[in-house]
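Student: attaching a predicted model along with its sequence, questions to come.
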Protein chains: 2
Amino acid sequence: MSDLAVSGRVSAAVATVIDALGAQWPGRVSLAEAVRLHHANTMTWHRPQMPDAVFFAETTAEVQGAVRLCAQHCAPVIAFGTGTSLEGQINAPFGGLCIDLSRMNAIVAVNEEDLTCTVQAGVTRKQLNDHLRDKGLFFPIDPGADASLGGMAATRASGTNAVRYGTMRENVIALQAVMSDGRVIRTAHRARKSSAGYDLTRLLVGSEGTLGIITEVTLRLHGIPETMAAAVCPFETLDGACKTAIAAIQMGLPIARIELLDELQIRACNTYSKLSLAETPTLFVEFHGTSASVDEQVAMFKAITGEYGGGDFQWSTRPEERSKLWQARHDAAFSCLTLRPGAQVAPTDVCVPISRLAECVAETKQDLADSGLFGPIVGHVGDGNFHVAVLFDRDNKDDVARVKGFTERLARRAIAMDGTCTGEHGVGQGKIPYLVEEFGPALDYMRLIKRSIDPHNIMNPGKIFTLDPGPDETLQ
Amino acid sequence: MSDLAVSGRVSAAVATVIDALGAQWPGRVSLAEAVRLHHANTMTWHRPQMPDAVFFAETTAEVQGAVRLCAQHCAPVIAFGTGTSLEGQINAPFGGLCIDLSRMNAIVAVNEEDLTCTVQAGVTRKQLNDHLRDKGLFFPIDPGADASLGGMAATRASGTNAVRYGTMRENVIALQAVMSDGRVIRTAHRARKSSAGYDLTRLLVGSEGTLGIITEVTLRLHGIPETMAAAVCPFETLDGACKTAIAAIQMGLPIARIELLDELQIRACNTYSKLSLAETPTLFVEFHGTSASVDEQVAMFKAITGEYGGGDFQWSTRPEERSKLWQARHDAAFSCLTLRPGAQVAPTDVCVPISRLAECVAETKQDLADSGLFGPIVGHVGDGNFHVAVLFDRDNKDDVARVKGFTERLARRAIAMDGTCTGEHGVGQGKIPYLVEEFGPALDYMRLIKRSIDPHNIMNPGKIFTLDPGPDETLQ
C-alpha cells in the first residue's frame, strides 16, 4: 500500500491513481496544498473543496492515461482550465484527481477559408484572438474572464457578443473528448452543418465535465468587421433602458453588443475604471458592419433611444475608446467591490424571454430593497440575461441567509417567467436545486444519459445534479 | 386473442395495441393498405415498408396514450408528419404503429415581442409562415417540401436559407416530446440562451424519432426584412460558381441564400418551370436587409462574380420574380424528371467544409461520368452542401448497382474531406453504413444514449443505427 493511502488523507483508490500517475509522468502530479487550493473554486462565495491531487496534462494521450486510471479505480476526475467558473464547477466535493489542461495550449489549425479553427482545450480566448488578428478573423464569444476554450465549451459560456454571434452552443463545430472509460472521441467533422446522428457536440457543450473531458475544440470564426462603433447611452429609468434593448432586438437590428449597467454599477465603473459617466441606468452598445451599415444601425438605434427616455448619445469608432469602454464592462465584477470594500460578492445569473426582462429586473430591484441587500445590476439585455452582484458580509449569518433567500427567489422568478436559472454561468453546485423546477421530468432523461455514459459517476461528480448522497452542497 | 392476431398478419403484441387503441379512440386507427402504404416511405428509391396500422393522433395526450400502449407491449412506434423525408425515416422495417401527427396542426402561441412561437408538431412551415405574415415575422428554415415542423426538428432540416439563418439546430428553442416510456417532457423554457443542464433540445433535434416523438416545437422567428432582392448569375464553369460562393462567405457577406444549379439542372428548370436561362452553371442568390444594405450587398457580390467568370448579373426585388425563381429552385427535384421521363431519382446529400467544395463537386462530376451515370447537381453551396439527383432505371440491375456504388463513393468522399455523409436529409435507413466511418468510437456513445432512453428499442427501430439484426435494409 502506498504511503499516501497509509496516511489516510486520501482513499486507497485515489492513492493508487496518484502513485501510478507519478510513476509514469514524474514531476507532473502535485499534492501541494497551495496547488490544490488554487484548483478548487475560489472565484465566488462557494466554499472551496480541494482535489486530492492535480495532474498537469500536456497531451490528449496523457488525459486519456489519467482518466483510464481513474476509471479503473473509480476515482473522481475533474477538468480544470483557468478556474474562472462561477458556480463551483471545479470544486472537488468527493476529492479525486484534478486534470489541469492549461499546458494544452496549442492552436492546432486555423482554416481561414472555412472560417474555422481547432485548438487544444487550454487555449484561452485572448490567446486565440491574438493569434487570429493578423488573419482578419476573430472568435466572438467573450465571457469577460480570459477563460480557456475547453472550459467555455464545457460550461456553454456566452457573454457580451452573444446577442449577435450566439453562444458556445452555436460556435462549437466539433469536440475531441476523453470519455469516462478512457476512450477518445471526436463528435463531428468540420462541415458547417450535418444531419448525421445524435448531436454529441451540443450534448458535451454545457455538460460541465460530467460526461467527458474536452481536449480539443473546433470553432467557428468570424471576419473582423470593417467598422466597429461603440456607444454609451444614459437613461432616466432602468425600464427605459430595458425597453430600448427589447425594441432594438424586435426590429431585427443586428446589434453586436447591448449591455445594461444600472446606476450603482456606473458609479462603480466610474471609480474603478476612471470613467466620468452620469450615474444613471446606461446602455453600452456596439455595432459591427461596413461603414455604411454601421452608420445606418447607429441612426436607427438613436431613434429608438429617443422613444424611451435615452439621453445624450455618444459613440466612437476609435479603438482606444472602444477598448476602454469594454474593459470597464469586463471589470464590472471587480469594480463593484469599490462600492463596499471588504465585502463578499455573490454573483447571480438568470435569463428570461426578453418580453419579461423589464418586469424581472424591476421585481428583482424591489426584492433587493425589501431584503435590505445591496448590489449593482449588469446584463446582456439583448438576450434577456442579467446578473446582480450582491455585496454582503460573509461573516454575518443574517446577511448570508438574506443573500441565499434572494438568489433563490431570483432563480425561481426567472423560471416562473419561462426563463432559466442560469443564462451563462452554468449549474455547477450552485444551481442544482432549481433544475427540478426548470425541467420537471426532463431532468430524469439527463440523469439517464449521465448514468449511461459515466456509469461509475467518476466525471466531475456532484455537479449539475446529485446522483448519490454526498457532502452538503450548501453555501458557506 | 384478437382477430388481428389470429390472422397472423401482425404480431400478437401489435394486435393488442391496435385493438386497445381502436377501443379507446374509435375510427382513428386505420389498417387499410392504401393508408399504410401512404405512411411508408414513397419519396425516394428506398423500398416502402408499411406499418401495421396508422393512428391519427389529435392531442399530445393521445400520442402519450398510444406510446404507452406500445411500450407496454414492446411494439415499434413511428412518428409521421408529412412523409417528405428522403432516407426512409418513416419506413417500418419491423412493422408496428405509425402515429400520424398531421391533425396536430394548431399554432399554440406567437410571442411577437420575443420573436418566438410554439406550434404543434403537425403544423407545416408554409402554414406557419402564412399565419405570421401579417405580423411582419417569418420562420426561415425551408427544406423545399412543405414539411411539418415536428418532422423538420426530428430530421434537423435546413435548406436554402440556412447559410444566413442556420438550420433547425439553431432555430429550435424548446421541444415537447413523448418519450419511450410514455412520459411527456419539455426540454427547455423560452429564454434565448441557457446554461442549465444537458441540451436535450439539440439531442432530440436530428434524432429522427428514435428517442421520443416530438409533439410541440418552440421556434425562433425573424422579422421579415425590409428589402429582399433575388439575383441570378450564370458562370462559365462550375468551379467559378463554387469559388464565388466560397469568396462571399469568407468575406462575411450576410447573404440569405446562395444556391448552385449545374447546366443540367438549369435545363430541367427551363423545361419544367418555363424559365429561359442560359444552360450553364448558375447561382441563385438572395439578399436580405434594409434597402441601403441590400444595395451594398448586391454591389459587393457583383464584384466577386466578376473575378470568377460570372456573367450577366440579373437581380430583382419584385416579389413575383423572386417567387418564380425560388419556386423553380424548390421544384428542382421534380423538374429533373423532365431530363429522362420515367426514370427513378436517387437523391444524394453530402456536406463538406467550404474550402473543399469545388474539389468535391468536380470529383463527383467526374465520378458520374466515369460510372456512366447521369444527374443534375444542386447545392446549398454557402454551407458546402450539395445534392446529385441521379436518374436511373430501377428495373435495370446494372443501373441500380452503379447508383449504389456512386452514392457510397460520394458519402465516403465527403467524409474523407472532413465533411459529413448527410448535410440535411438525415440518416434514416440510407446512411446507416457510413456512420461508423464518420464517427468512429463516438457512435458507441450515441448507441448508449439510445439504449438508455429507449431500452426496448421501440422508437423508430432500424433508423440511424442498427441495434438488432433486422430485415435487409439494402435498396430495391
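Tutor: Now that the structure is in, tell me what you want to look at. Numbering: from 1, shown residues only, chains lettered A, B, ... in the order given.

Student: hang on, residue A:122 packs against residue A:107?
Tutor: No - if you go by Cβ atoms under 8 Å, residue A:122 and residue A:107 don't touch, sitting 10.8 Å apart. The way it works is simple: take the backbone N, C-alpha and C, and place the C-beta from them, glycine included.

Student: neighbour count for those two, which is higher?
Tutor: More crowded of residue A:122 and residue A:107, by other Cβ atoms under 10 Å in any protein chain shown: residue A:122, with 23 against 15.

Student: which SS class is that one?
Tutor: When classified by DSSP: H, G, I helix; E, B strand; the rest coil, residue A:122 comes out as coil.

Student: and it, what does it touch?
Tutor: Applying Cβ atoms under 8 Å, 6 or more residues apart in numbering or on different chains to residue A:122 gives the contacts A:81, A:101, A:102, A:103, A:104, A:105, A:148, A:150.

Student: using a markdown table, lay out those together with secondary structure and distance to chain B.
Tutor: As requested, these are arranged in a markdown table below (DSSP: H, G, I helix; E, B strand; the rest coil; distance: Cβ to the nearest Cβ, whole Å):
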| residue | secondary structure | distance to chain B |
| --- | --- | --- |
| A:81 | coil | 16 |
| A:101 | coil | 20 |
| A:102 | coil | 22 |
| A:103 | coil | 25 |
| A:104 | coil | 20 |
| A:105 | coil | 23 |
| A:148 | strand | 16 |
| A:150 | helix | 15 |
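
Student: would you say residue A:218 is within a strand?
Tutor: Yes - counting by three-state DSSP, residue A:218 falls inside a strand.

Student: can you give me the pLDDT of it?
Tutor: For residue A:218, the model assigns a pLDDT of 98.

Student: same check, this time on residue A:470
Tutor: Among the per-residue scores, residue A:470 holds a pLDDT of 40.

Student: same question for residue A:11.
Tutor: 88.

Student: just to check, it is in contact with residue A:95?
Tutor: Yes - Residue A:11 lies in contact with residue A:95 (Cβ under 8 Å); the separation is 7.1 Å.

Student: residues from the stretch 251-400 of chain A in reach of chain B?
Tutor: The stretch 251-400 of chain A comes close to chain B at residues A:251-252, A:254, A:290, A:292-293, A:296, A:349, A:351-355, A:383-385, as judged by Cβ under 8 Å from any Cβ of the partner chain.

Student: which of those residues fall in strands?
Tutor: Using DSSP state E, the members of these that fall in strands are A:351, A:385.

Student: and of the residues of the stretch 251-400 of chain A next to chain B, the nearest to residue A:60?
Tutor: Residue A:60 has its nearest neighbour among these in residue A:349, at 31.3 Å by Cβ to Cβ.

Student: before we move on, the earlier item: redo the contacts of residue A:122 as JSON lines? Include neighbour count and pLDDT.
Tutor: JSON lines is the format used below for the contacts of residue A:122 (neighbours: other Cβ atoms under 10 Å in any protein chain shown; pLDDT from 0 to 100):
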{"residue": "A:81", "neighbour count": "27", "pLDDT": "97"}
{"residue": "A:101", "neighbour count": "28", "pLDDT": "98"}
{"residue": "A:102", "neighbour count": "19", "pLDDT": "98"}
{"residue": "A:103", "neighbour count": "14", "pLDDT": "98"}
{"residue": "A:104", "neighbour count": "24", "pLDDT": "98"}
{"residue": "A:105", "neighbour count": "17", "pLDDT": "98"}
{"residue": "A:148", "neighbour count": "30", "pLDDT": "98"}
{"residue": "A:150", "neighbour count": "30", "pLDDT": "98"}
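
Student: just the strands in the stretch 251-400 of chain A please.
Tutor: Using DSSP state E, counting those that start in this stretch, the strands of the stretch 251-400 of chain A run over A:257-261, A:282-289, A:314-316, A:344-347, A:350-351, A:377-380, A:385-392.

Student: how about stretch A:222-240: buried residues?
Tutor: A:222-223, A:225, A:228-235, A:238-240 (16 or more other Cβ atoms under 10 Å in any protein chain shown).

Student: again with stretch A:307-320
Tutor: For stretch A:307-320, using 16+ other Cβ under 10 Å, the buried residues are A:308, A:309, A:310, A:311, A:313, A:315.

Student: closest one of the residues you listed to chain B?
Tutor: Of all these, chain B sits closest to residue A:308, with 14.5 Å by Cβ to the nearest Cβ.

Student: how much space separates the spatially closest residue to that closest one that is not a sequence neighbour from chain B?
Tutor: Using Cβ to Cβ, 6 or more residues apart in numbering or on different chains and skipping residues adjacent in sequence, the residue nearest residue A:308 is residue A:240, 4.0 Å away. To chain B, residue A:240 is 16 Å away according to Cβ to the nearest Cβ, to the nearest Å.

Student: phi, psi of residue A:240?
Tutor: Main-chain torsions, residue A:240, degrees, to the nearest 10: phi -60, psi -40.

Student: so what's it up against?
Tutor: Contacts of residue A:240 (Cβ under 8 Å, 6+ apart): A:281, A:308, A:309, A:310.

Student: with residue A:294 instead?
Tutor: Listed by Cβ under 8 Å, 6+ apart, the contact set of residue A:294 reads A:225, A:227, A:228, A:229, A:287, A:288, A:317.

Student: from memory the last one sits against residue A:231, does it?
Tutor: No - when contacts are counted by Cβ under 8 Å, residue A:317 is not listed as touching residue A:231 (10.0 Å).

Student: next, count neighbours for residue A:33.
Tutor: Residues near residue A:33, counting by other Cβ under 10 Å: 9.

Student: just confirm it contacts residue A:52, I think it does.
Tutor: No - at 11.0 Å, residue A:33 does not count as touching residue A:52 under the criterion of Cβ under 8 Å.

Student: what segments of the stretch 51-200 of chain A are helices?
Tutor: For the stretch 51-200 of chain A, the helices defined by DSSP state H, counting those that start in this stretch cover A:60-73, A:125-132, A:149-154, A:162-165, A:168-171, A:200-204.

Student: highest average neighbour count across the ones you listed?
Tutor: Highest mean neighbour count of the helices of the stretch 51-200 of chain A: helix A:149-154, a mean of 31 (counted as mean count of other Cβ atoms under 10 Å in any protein chain shown).

Student: model confidence score at the nearest residue to residue A:163 once chain neighbours are set aside, please.
Tutor: Among residues not flanking residue A:163 along the chain, residue A:382 sits closest, at 3.3 Å (Cβ to Cβ, 6+ apart). For residue A:382, the pLDDT comes out at 94.

Student: before we move on, the earlier item: now the contacts of residue A:122 in a markdown table, please, with extra columns for distance to residue B:197.
Tutor: Compiled in a markdown table, the contacts of residue A:122 are given as follows (distance: Cβ to Cβ, whole Å):
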| residue | distance to residue B:197 |
| --- | --- |
| A:81 | 20 |
| A:101 | 23 |
| A:102 | 27 |
| A:103 | 30 |
| A:104 | 27 |
| A:105 | 29 |
| A:148 | 22 |
| A:150 | 19 |
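
Student: and the two most separated of those?
Tutor: Spatially, the most separated pair among these is A:103 and A:150, at 12.1 Å (Cβ to Cβ).

Student: the closest residue to residue A:31 other than its chain neighbours: neighbour count?
Tutor: Counting by Cβ to Cβ, 6+ apart, residue A:31 lies nearest to residue A:53, which is 5.2 Å off, once chain neighbours are set aside. Other residues near residue A:53 come to 27 when the count uses other Cβ under 10 Å.

Student: and the one 4 residues further on, by the same measure?
Tutor: Neighbouring residues of residue A:57 were enumerated by other Cβ under 10 Å; the total is 28.

Student: give the contact list for the nearest residue to it once chain neighbours are set aside.
Tutor: Once flanking residues are discounted, residue A:57 sits nearest to residue A:63: 4.7 Å by Cβ to Cβ, 6+ apart. Residue A:63 sits next to A:57, A:99, A:101, A:104, A:178, A:213, A:215 when contact means Cβ under 8 Å, 6+ apart.
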